[in-house]
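J.: Could you work out the structure for the sequence below:
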Amino acid sequence: MDRPSARDWNDWRWQTRHRVRSLAALRSQVAAVATLDVADVELEREFPVGVTPYYLSLADFADPADPILRQVLPLAVESERAEQEVADPFHEAELAPVAGIVHRYPDRALVIPTNFCATLCRHCFRKRTWADGFFMLSEAQLTAAASYVRAHPEIRDVLITGGDPVHLSMHALALLLRELRTCRNVEVLRIATRVPVTLPQRVDDELLDVLAAARPLWLITHFNHAREVSADAAGALRRLIDRGITVQNQTVLLRGVNDSTPAQLELNRALLALGVRPYYLHLADPVAGAGHFRLPIERGIEIVRGMYGKIAGFGIPRLVVDLPGGKGKVPLVPDFVVERAGDDVWFESPIDGSTVRYCDPTGPTG
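T.: Predicted coordinates:
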């Protein structure tokens, strides 16, 4: 592809139209593909390719271990299935009472208005939906989804997710946000999007106006590696924050991408410097086609444990496992207790590794 003009490059519509949509197109651009065991045509049909030119520009095309390429390049290993690695590990299809709604938690509901993303991440736990094509709910379906939320007063928190919901038309997104804002039972409204990472050009005045009109709004984004926190991404995050939108980040712990304490520290320091709070660090889900990203629980705890004492506490995301069957997230917390003896508890210091005695008051407190 010829080098586009700066005007085209900074146009999210141009970026979306010129997505790399096949392994063959990736092969033509990425030298590292030749050294990797990439997917065949049948697997590519099951789990298609999609990458914005912007996101691909963050990669080192000659490095087969590049953390950007690993997130978007289809590999033959995606055909392997270990125990519990299934298409729908969280039983979302069973927990969908109407189109666009997943009701997993008693007090929370997901609204999924589309399964389209400009960049298709290979670790996505909804990659099962790609082969059937991309959908966007009609305005009538969006209104019906909001009506479901309104009819269930126990729902106090709604997360609009996908796919990526900011790929809706601005009219449709504004409609959905307005409808949900009229639900008196909804106290917390969140929207999950990866466009600050893969398509920061989309965070323009038009989108910001729609999001700001729905405040208070929590925006959950998804940076996995410090390389993704580019000048363009930083600009998108600043624009969101300047409009009064609270931004938090969820990261997925991915083998070969960000599976070390230094990688996590670098990422989360970069996010904190921009005013974005790290929220969750997910162990990669047991989803079919993403098993090669998974790490043992003990490794995840070890990585997070190494962050303590090296970054502010609110810069350490909560490590979680999302339980199969839609049974909720479980936090995994590192243990710094070395020994207990009566009222004495001995801790390992996260600063220098020394052992420190703490007197635990076990008697009456009143």
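J.: so who does S22 touch?
T.: By Cβ atoms under 8 Å, 6 or more residues apart in numbering, S22 lies in contact with E44, V49. Bear in mind the C-beta positions are built from the backbone N, C-alpha and C, glycine included.
J.: same question, the one 5 residues further on
T.: Listed by Cβ under 8 Å, 6+ apart, the contact partners of R27 are V33, A34, V38.
J.: just R81 next, same as before
T.: R81 is in contact with A288, G291, counting by Cβ under 8 Å, 6+ apart.
J.: And it, how far from E44?
T.: 17 Å (Cβ to Cβ, to the nearest Å).
J.: One more: P106?
T.: Noted for P106: a distance of 39 Å to E44, by Cβ to Cβ.
J.: do Q250 as well
T.: For Q250, the distance to E44 - Cβ to Cβ - is 27 Å.
J.: Give me the distance between the two termini of stretch 193-208.
T.: Stretch 193-208 has an end-to-end distance of 13 Å (criterion: Cα to Cα, to the nearest Å).
J.: any idea of the mean pLDDT in it?
T.: On average, the pLDDT along stretch 193-208 is 98.
J.: which other residues reach it?
T.: Contacts for stretch 193-208 (Cβ under 8 Å, 6+ apart): 10-12, 15-16, 51-52, 54-55, 117-119, 121, 162, 164-167, 170, 219-224, 228, 230, 232-233, 235-237, 239-240, 243, 245, 247.
J.: And stretch 176-187, by the same measure?
T.: 111, 113, 142-143, 145-147, 149-150, 152-158, 160, 165, 168, 189, 210-211, 213-214, 217.
J.: And the strands in the protein?
T.: 101-105, 108-111, 157-160, 188-192, 218-221, 246-253, 277-283, 318-322, 329-331, 337-341, 344-348, 355-359 (DSSP state E).
J.: any idea of the mean pLDDT for the longest one?
T.: Okay, so that is strand 246-253. On average, strand 246-253 scores 98.
J.: E339 touches E348, doesn't it?
T.: No. Counting by Cβ atoms under 8 Å, E348 is not a contact partner of E339; they are 10.0 Å apart.
J.: okay, the two: which has more neighbours?
T.: E348 (17 against 10; other Cβ atoms under 10 Å).
J.: what is the more buried one paired to in the beta sheet?
T.: T355 (DSSP bridges).
J.: Okay, it and P153: tell me how far apart.
T.: For E348, the distance to P153 - Cβ to Cβ - is 47 Å.
J.: Same question for R277.
T.: Going from R277 to P153 by Cβ to Cβ gives 30 Å.
J.: same thing with R104?
T.: R104 is 17 Å from P153, where distance means Cβ to Cβ.
J.: In terms of neighbours, single out the busier of the two.
T.: Just comparing R104 and P153: by other Cβ under 10 Å the higher neighbour count belongs to R104, 17 against 11.
J.: Next one, pLDDT for the residue nearest to that one when sequence neighbours are not counted please.
T.: Once flanking residues are discounted, R104 sits nearest to G326: 4.6 Å by Cβ to Cβ, 6 or more residues apart in numbering. Note on G326: pLDDT of 92.
J.: What about I112, how many residues nearby?
T.: I112: 23 neighbours (other Cβ under 10 Å).
J.: Ignore what I typed, I meant D343.
T.: D343: 12 neighbours (other Cβ under 10 Å).
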